[in-house]
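A.B. asks: please work out how this folds:
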Amino acid sequence: MDLEDLAAFAEVADAGGLTPAGRRLGLSKSILSRRLARLEDSLGITLFVRTTRGVLLTEEGANFKAYADRIIAEMAAARDAMTAKDEPRGTLRIAAPLSFGQSHLAPLLAELGIRHPKLRIHAFYSDRLIDLVGERFDVGVRIGAMPDSTLLATRIAPIRSGVVASPAYVEAYGAPEGLDDIGRHVALVHADHPWRFLNGTDVVTLRPQGHFMADNSQALLTAALAGLGIAMLPSFLIGPGLLSGDLVPLLEHYPCPEAGLYLVRPPMAGAMPSKVKVLADLLQERLGRDVEWDACQKHLKSKKTRRSARAIAAAAPLDMSGTDA
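C.D. replies: Next comes the predicted model:
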């Protein structure tokens, strides 16, 4: 049994067809077909049923897939362990959310490629929750609170969010003063993502009836900048707009609970593979301390402090008017 045949089988199973698997592997359909036929002959079973839309695993093929994935992962770990002192090499498959991936991860992956030219980097950007094990990813970048999971997670940086709108929207419709006011505004909402606020020590969860809904945060940002409504978005997206004045913060007395930026990987015995470790080290180096997108938080705090100081100074003569000389 050839390891290349196993890899071809696993890739075709994950991709659902020879053509998409061939694009991923850089191989022709004829080569993949020969490798699959050779594997089926060596096992004495039929792994796939061919359909007009692609291929489907047979029951025996589905059972064998779990073993194949383990063999491939263990061989990759063994190869990595033997070359741990050398330059990281092989293919690093990364899954990342669309908005964050394109705006902030892509430049870091380019830097990673320059640092480690023997490493092939395959990045996939999507806002759907990707099955790292089933789709054979080495690592994923995820944002939010990590639920209980068998995945191994490393926290890279905090992620903060806030409610914003354009100055034009606020001028036309006003700003919500409290959480009860949200229902009277045009809400720009992410599909299936509730709005969560801290009210003292309590977490308040709201589900605004969105007049505008999208499954991508960048689309919501575009709508907010255009003056369509109010949106709850992460600071890595709204930071530039807040600093430039194209967005204004709302409901500052009701902050959003802090989330996290995580690097997650499938469970595997032994140390972190070197190709994953170099990515983790780069993310920690670039994002693990004060991240540039949270400069807006410091900016807003300083503006708020200045506004408070001006208000105190303006009120001082009135406060002293009733005192004895």
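A.B. asks: name all residues that make contact with the residue nearest to residue 18 when sequence neighbours are not counted.
C.D. replies: Nearest residue to residue 18 in three dimensions, chain neighbours excluded: residue 29, at 4.6 Å (C-beta to C-beta, 6 or more residues apart in numbering). (Each C-beta comes from the backbone N, C-alpha and C, glycine too.) When contacts are counted by C-beta atoms under 8 Å, 6 or more residues apart in numbering, residue 29 touches 18-19, 22.
A.B. asks: most neighbours among those residues, which one is it?
C.D. replies: residue 18 (23 neighbours; other C-beta atoms under 10 Å).
A.B. asks: and the gap between that one and residue 48?
C.D. replies: Going from residue 18 to residue 48 by C-beta to C-beta, to the nearest Å gives 9 Å.
A.B. asks: now do the shared contacts for the two.
C.D. replies: The contact lists of residue 18 and residue 48 share 12, 55, where a contact means C-beta under 8 Å, 6+ apart.
A.B. asks: avg pLDDT for stretch 163-172?
C.D. replies: The average pLDDT within stretch 163-172 is 96.
A.B. asks: wait, which of the contacts of residue 29 is closest to residue 56?
C.D. replies: Checking these against residue 56 by C-beta to C-beta gives residue 18 as the nearest, at 12.6 Å.
A.B. asks: my guess is the closest one meets residue 11, correct?
C.D. replies: No: in terms of C-beta atoms under 8 Å, residue 18 does not count as a neighbour of residue 11; the distance is 9.5 Å.
A.B. asks: the helix or strand where residue 76 lies: how far from the chain's middle?
C.D. replies: According to DSSP states H and E, residue 76 maps onto helix 59-82. Mean-position distance between helix 59-82 and its chain equals 26 Å (C-alpha atoms, centre = their mean, to the nearest Å).
A.B. asks: can you tell me which residue is spatially central in this structure?
C.D. replies: With distances taken as C-alpha atoms, centre = their mean, the residue of the chain nearest its centroid is residue 97 (3.4 Å).
A.B. asks: and that one, what's its pLDDT?
C.D. replies: On the pLDDT scale, residue 97 gets 91.
A.B. asks: and the closest residue to it other than its chain neighbours, how many neighbours?
C.D. replies: Once flanking residues are discounted, residue 97 sits nearest to residue 127: 5.5 Å by C-beta to C-beta, 6+ apart. Residues lying near residue 127 (other C-beta under 10 Å) number 18.
A.B. asks: quick one: residue 127 and residue 273, what's the gap?
C.D. replies: Where residue 273 is concerned, residue 127 sits at a distance of 26 Å (C-beta to C-beta).
A.B. asks: over to residue 116?
C.D. replies: 13 Å.
A.B. asks: got it, and residue 75?
C.D. replies: Distance, residue 75 to residue 273, by C-beta to C-beta: 12 Å.
A.B. asks: mean confidence score for stretch 58-78?
C.D. replies: Averaged over stretch 58-78, pLDDT sits at 81.
A.B. asks: show me how far that stretch is from its chain's centre.
C.D. replies: 27 Å.
A.B. asks: so which bits of that stretch are buried?
C.D. replies: Using 16 or more other C-beta atoms under 10 Å as the burial criterion, the residues of stretch 58-78 that qualify are 61, 64-65, 68-69, 72-73, 76-77.
A.B. asks: nearest spatial neighbour of residue 150, skipping sequence neighbours?
C.D. replies: Of all residues not flanking residue 150 in the chain, residue 267 sits nearest, at 5.2 Å (C-beta to C-beta, 6+ apart).
A.B. asks: contact partners for that neighbour?
C.D. replies: Contacts of residue 267 (C-beta under 8 Å, 6+ apart): 150-152.
A.B. asks: need the buried ones from those residues selected in PyMOL.
C.D. replies: Here is the PyMOL command that selects the buried residues among these (16+ other C-beta under 10 Å):
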select buried, resi 151
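A.B. asks: residue ranges with poor pLDDT in this protein?
C.D. replies: Filtered on pLDDT under 70, the chain yields the residue ranges 77, 79-86, 147-149, 269-270, 289-325.
A.B. asks: mind listing the helices for it?
C.D. replies: Counting by DSSP state H, the chain has helices at residues 3-15, 18-25, 29-43, 59-82, 98-100, 106-115, 167-173, 217-225, 235-244, 274-287, 295-320.
A.B. asks: done for today, thanks.
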